[in-house]
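> mind looking at a prediction? Sequence and model below.
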Amino acid sequence: MSDHNEKSGSPGPGSRREGLRVIGVPRRRVDGRAKVTGQTRFADDIFLPRMAHCKLLRSPHPHARIRGMDVSRAMAHPGVYLVLTGKDLPVRYGILPVSQDEQALCLDHVRHVGDPVAAVVAREELTAFEALDLINVDYDILPTISDPEEALAMPEPRIHKYGEEGNIHKFVALEFGDVDEGFAEADEIFEDTFFYQGNTHLPIEQHASVAIKDPDGKLTIWSSTQTPHYLHRALAKVLAMPPAHIRVIATPNGGGFGGKSDPFNHEIVVAKAALLLDRPVKICLTREEVFYCHRGRHPVLMKFKTGVKKDGTITGLHLRTLIDGGAYGSYGVASTYYAGALQTTTYHIPRYRYEGCRTFTNKPPCGPKRGHGTPQPRFGQEVQLDKIAQRLRIDPADLRLRIAEAPEAVTANFLRLGTVNLSECIRRVVEVSGWKTKFGKLPEGRGVGIACSAYLTGAGLPIYWNKMPHSGVQLKFDRGGGVSIFCGATEIGQGSDDVLASIVAEVLGIDPFDVRLFTGDTDLGPVDLGSYSSRVTLMAGNAALQAAERGKALLAEAVALKFDVPKEQLRFADKRVFDSARPDTGVSFAEAICLAEARFGTIGTVGSYTPPKSPALYKGGGVGPSPTYSYSAAVVEVEVNPVTGWVHVPKVWIAHDIGRALNPTLVRGQVEGSVYMGLGEALMEEQEFRRLPKRLSHALVHKFPSMLEYKSPTSLDMPEVVTELIENPDPRGPFGAKEVGQGPLLPIMPAVANAVYDAVGVRVDEVPITPEKVMKAIAEKRAGREPRFGPDHFPQVNWPEALRVPPPWEGGDGNAVNDVHREKPRAKNEKVLAP
Amino acid sequence: MMRLPLFEFRAPQTVAEAVRILDGEGPGAMPLAGGTDLLPNMKRRQQVPKTLMSLQHIRGLHRVELRDSGPRLGACVTLSEIAADRRFRNGMRALAQAASFVATPQIRNMATLGGNLCLDTRCNYYDQNYEWRKSIGFCLKKDGHICWVAPGSAKCVAVSSTDTAPALMALGARVRLVSRSGEREVPLTELYQNDGIHYIRRQPNELLTEVLLDSLDGWNSTYWKLRRRGSFDFPVLSVAAAVRLSSQGIVVDARIVVGSVACLPLVAKEASRSLVGRPLHQESIAEAATLAARLAKPLDNTDFDMTWRKRVTAEFVTYALGELRGDDMRGQRLLLTRHSSSL
């Protein structure tokens, strides 16, 4: 997709200048060989002697009470070893401390089709499946809630007994400065309503887990999880076992995208079964079951009210979101905050009010999907900016350049930004796409659109309140010259193993392939919080950097003594440690380890990373802070058939502010993967549910939980992508690196919508932008009505009083001025918990 | 993962042996060709045959014969073979295109022509796994008593989703059905019927062995398929068209077939007739497109909005006839197929 030479070996011109040998060089990833030869062992590839297979009986009803259950016939079925029900695993758990609302097997209440109620463990998977039909569950059917507007209208029956009230799970109401004053200063006020349909992660690998009871009675579980540490904690809680007796091994994930970030019922079930049976127990979910696990993109209805000056300067923003949470909390409280928190990070917004409402519905729970909570309002903001630019007669790229936020700024909601190369991203993408010759100038039916975004480089706070590091790395130095890295970081395909290997290899002057990795294992490596929130490169990377530097210092001291040169004069490169003044004087890296071991004893070092404290002290301020933020700008070209509404994307140009690309091959892969996923969300992906006629059925089912009919683009549907990396190292990242896993997804959806407008002059204010919606909008245009397809209203919500936090430029100190609960000194458990 | 149910397995070597097995086993036996549709259906318990009878070892079913009187294709010729074989261009282009647009390369390597002609009808309420169907109380086509697409309907409305049938119908194909008591040739236009359950007139004891075509000299044909993506997807609207033009460019004979909008592919007789005796100009094409589109009454049981599918039908007929006139439709086709190997 790019013409950059990625064959490798020689460092690029930039890295040569700085003397880097590994960092910045496009390389084959360290786990690449295993993956392309099919030798990577995923969880479902694990087969153990005497292994039994588990299947879950799931609720066929969207909402019901369980009156009783009879498992005797299933137990008696030949080949069945064990049947578990909710009574065996009654302890509640959940990823967030504030939402401990799940049970591994529902005890008395099922909340969506697919909620598990019993587990069968048998000699064969087929036997387990057949025995599911022998379990008799007596359900008492309850009325169902299919969307947030129904949830607002129907406080009873409650899907959960906790939350704000009725079926409202979470309210957020925050105000940073007087927004009404901002609107009063505006020359123009824009009000737009947008809808972002829910969609799912669709990892190629379905979730799988294998658990065994170790010979000494402890538990080991291999699982396709992005967060082995959080699974470790959930298992300890539900199984009531000491964490020291539980070992979680995150197998390489065949894609995660946020869908494997929660502790899951099937993981807990196989762990319990293995302990009871003293046999290995495996489960591999079907694709349908993955759709029931979900935790994907929340459907969000949004209302944007934005005041602007004639020159495009924003004077105030009021954002309201109504969020469809599904049946459980999951990360939802954080998602609700995220749907408002990052709006301030791209453009300067002096006054900002955010009101968010997440409701429970009888559908699989939503949670964190790539971009967690932010693609929806990003879509609204970027499309609205396009409308603003049009009305003010300003080029949309120029408008964004005018209002881009400044580097190192503290935003209205007290997010401290790091390097901000948004303007450079815009300029670059405008240049390479030929924007100035295309925008508004292409023939009818063809158009271009632009959009930008920002994203976290790691969540600033852990999910449970603690003061410990977010990531730790241990290094072991072998006399033979090998280095082993031990770290909880989890390889989900994003390249976290390669990041760790490249950083350690760079510092120690060795080859990344000389490094051995032991990652994602709670027994072997120190805690890393997990592969979510784009945190691994910066956090595990900084921990690895520190551990490597400490090891290097020990080796340098020993070698310096041998040659009697100052240790600062030594250089580590090409698997040697030598005097930079006399390069022939030196030892091999292996000899350096031997010298150090002789002097100091066994060589092992540790490193760790804790993010800086955030200036956001108000309740809710825990969601949004990050050590630094990445920036992206994208231009999308479309061809729209004016008769059928068919949208074709021939080309995408995207510039990403990466800080520094540790391995440009992987960075480009992440950018292209984001473009791919973004186009899927923009054009076709829908986690859609359907009700059957109510007089005939109470069913509320996923429209089509299959990989064939949940439409996601194939490689054939992928356009040409031009990726531009903007490299301006951020001192907070290892070698200056920022995130790339999520940010480049965000501008794609609004850029497509804006391009459709440029092509045929109609607004589709929701995703996915399907041909029938485009056709309807074109019909509206032809009929002389508003040329638009999108939601027409935002319902009445009884918002709570907003916490008022004066922004920095109004003398705010990061606290709310009206938070009565916070007047006394803050207790630890009151601290906002956020991923 | 989903497991296959248990079944008996038979692998006859000859057609005679095969039809004996079908006769002896009764409706509980099903022929297994490529298995690309039947085996996933079995995993979902949509179809649970007691016996699977593999056709892989019957040599004659893999044969392709190009006689002067017209081509004959064995039922087990794979879709990949048809798509790759240059002899299936010219008059038979519609068939080659239809075969090349089925599913994915891997599936086409296994899937057969006979299998695609007998393809089970599809529906959003039916092509689901056992648990999902249980959660809606099943449906008319399998294990239930109601059609959820049209709850008032006494008849199943699952959609014919075969790509090759409309193409072969436009080419005037016949199929040979062999049973223990004899064999018969049936025009493809008479093989299907308007019922999502009993969509095919093949009796359970009959084996579809061969597709027969008359000489296609002087014919030109094409196949257009609507689906969401450039790969994988079943058609949710298809148009096959074949015409024979005089040396002056006047339509001597025409066949237009609209597929994937009903339980069976629909022969657009009136639209086809309207073309005869006229050149393919804008007016005649528009008239035929309007007439053909009238047949399409898609229901809400496939991908895409049904009213949108209905509204683009005329467009697709226009694409097909325009291409047969000699218009350069490669750009339009690329937008829909998303790959350039569109023959």
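That came in fine, so what should we check first?
> show residues contacting the helix or strand A:Phe171 falls within.
Using DSSP states H and E, A:Phe171 sits in strand A:168-176. Strand A:168-176 is touched from outside by A:151-152, A:160, A:163-164, A:325, A:329, A:332-333, A:336-337, A:340, A:344, A:351-360, A:412-414, A:618, A:620, A:799-807, A:812, with contacts defined as C-beta atoms under 8 Å, 6 or more residues apart in numbering or on different chains. Yep, even glycine has a C-beta here, placed from its N, CA and C like the rest.
> restricted to buried residues, select those in ChimeraX.
Isolation of the buried members of the contacts of strand A:168-176 (16 or more other C-beta atoms under 10 Å in any protein chain shown) is achieved in ChimeraX through the command below:
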select /A:151,152,163,325,329,332,333,336,337,340,344,351,352,353,354,355,356,357,358,359,360,412,413,414,618,620,802,803,804,805,806,807,812
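> in strands, which of the contacts of strand A:168-176 appear?
Secondary-structure check on the contacts of strand A:168-176 using DSSP state E: residues within strands are A:352-359, A:803-804.
> coming back round to it: buried set for the helix or strand following the strand holding A:Phe171?
Remark: after strand A:168-176, the chain's next helix or strand is helix A:179-185, criterion DSSP H and E. For helix A:179-185, the neighbour count (16+ other C-beta under 10 Å) marks A:179, A:182-183 as buried.
> which helix runs longest in chain B?
Longest helix of chain B, by residue count under DSSP state H: helix B:306-325.
> what mean pLDDT does that helix have?
Helix B:306-325 shows a mean pLDDT of 97 in the predicted model.
> ditto for stretch A:789-807
Throughout stretch A:789-807, pLDDT has a mean value of 98.
> what about it, start to end distance?
Stretch A:789-807 has an end-to-end distance of 36 Å (criterion: C-alpha to C-alpha, to the nearest Å).
> could you do stretch B:243-253 as well?
The first and final residues of stretch B:243-253 sit 6 Å from each other (C-alpha to C-alpha).
> quick check: mean pLDDT of the host helix or strand of A:Gly673?
Using DSSP H and E, A:Gly673 sits in helix A:664-683. Taken as a whole, helix A:664-683 carries a mean pLDDT of 98.
> alpha carbons of stretch A:351-359, as CSV, please.
This file holds the C-alpha atoms of stretch A:351-359, laid out as CSV (Å, rounded to 0.1, in the frame of the first residue of the first chain):
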residue,chain,number,x,y,z
ARG,A,351,-16.8,26.0,27.3
TYR,A,352,-18.2,22.5,27.3
ARG,A,353,-21.2,20.8,28.8
TYR,A,354,-21.6,17.1,28.5
GLU,A,355,-24.7,15.0,29.4
GLY,A,356,-24.6,11.3,28.9
CYS,A,357,-27.2,8.6,29.8
ARG,A,358,-26.6,4.9,29.5
THR,A,359,-29.6,2.6,29.7
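> quick check: mean pLDDT across it?
When pLDDT is averaged along stretch A:351-359, the result is 98.
> roughly how far is it from the heart of the chain?
Between the centre of stretch A:351-359 and the centre of its host chain there is 21 Å, according to C-alpha atoms, centre = their mean, to the nearest Å.
> got the phi and psi for the residue of chain A most remote from its centre?
Here chain A has its C-alpha centre computed as a mean, and the residue farthest from that point, by C-alpha atoms, centre = their mean, is A:Asp564 with 50.3 Å. Comment: the main-chain dihedrals of A:Asp564 come out as phi 60, psi 50, following degrees, to the nearest 10.
> what's the answer for the one 4 residues further on, then?
With angles defined as degrees, to the nearest 10, A:Glu568 sits at phi -70, psi -20.
> how far away is it from chain B?
58 Å (C-beta to the nearest C-beta, to the nearest Å).
> for that residue, which residues are in contact?
Residues touching A:Glu568, when contacts are defined by C-beta under 8 Å, 6+ apart, are absent altogether.
> for it, give its distance to A:Ser209.
Taking C-beta to C-beta, to the nearest Å as the criterion, A:Glu568 is separated from A:Ser209 by 50 Å.
> and for A:Val606?
30 Å.
> got it, and B:Leu55?
For B:Leu55 relative to A:Ser209 (C-beta to C-beta), the value is 39 Å.
> in what helix or strand does A:Arg41 lie?
Following DSSP H and E, there is no helix or strand that holds A:Arg41.
> now do the phi/psi pair for it.
Here the main-chain torsion angles of A:Arg41 (degrees, to the nearest 10) amount to phi -100, psi 100.
> need the contact list for the residue nearest to it when sequence neighbours are not counted.
For A:Arg41, the nearest residue in space outside its immediate sequence neighbours is A:Thr251; the separation is 6.6 Å by C-beta to C-beta, 6 or more residues apart in numbering or on different chains. The neighbours of A:Thr251, taking C-beta under 8 Å, 6+ apart as the test, are A:41-43, A:46, A:222-224, A:520.
> now do B:Val261
If a contact means C-beta under 8 Å, 6+ apart, then B:Val261 has B:159, B:237, B:295-298, B:309-310, B:313 as its contacts.
> kindly recompute the last result at 6 Å.
Residues near B:Val261 by C-beta atoms under 6 Å, 6 or more residues apart in numbering or on different chains: B:237, B:296, B:298.
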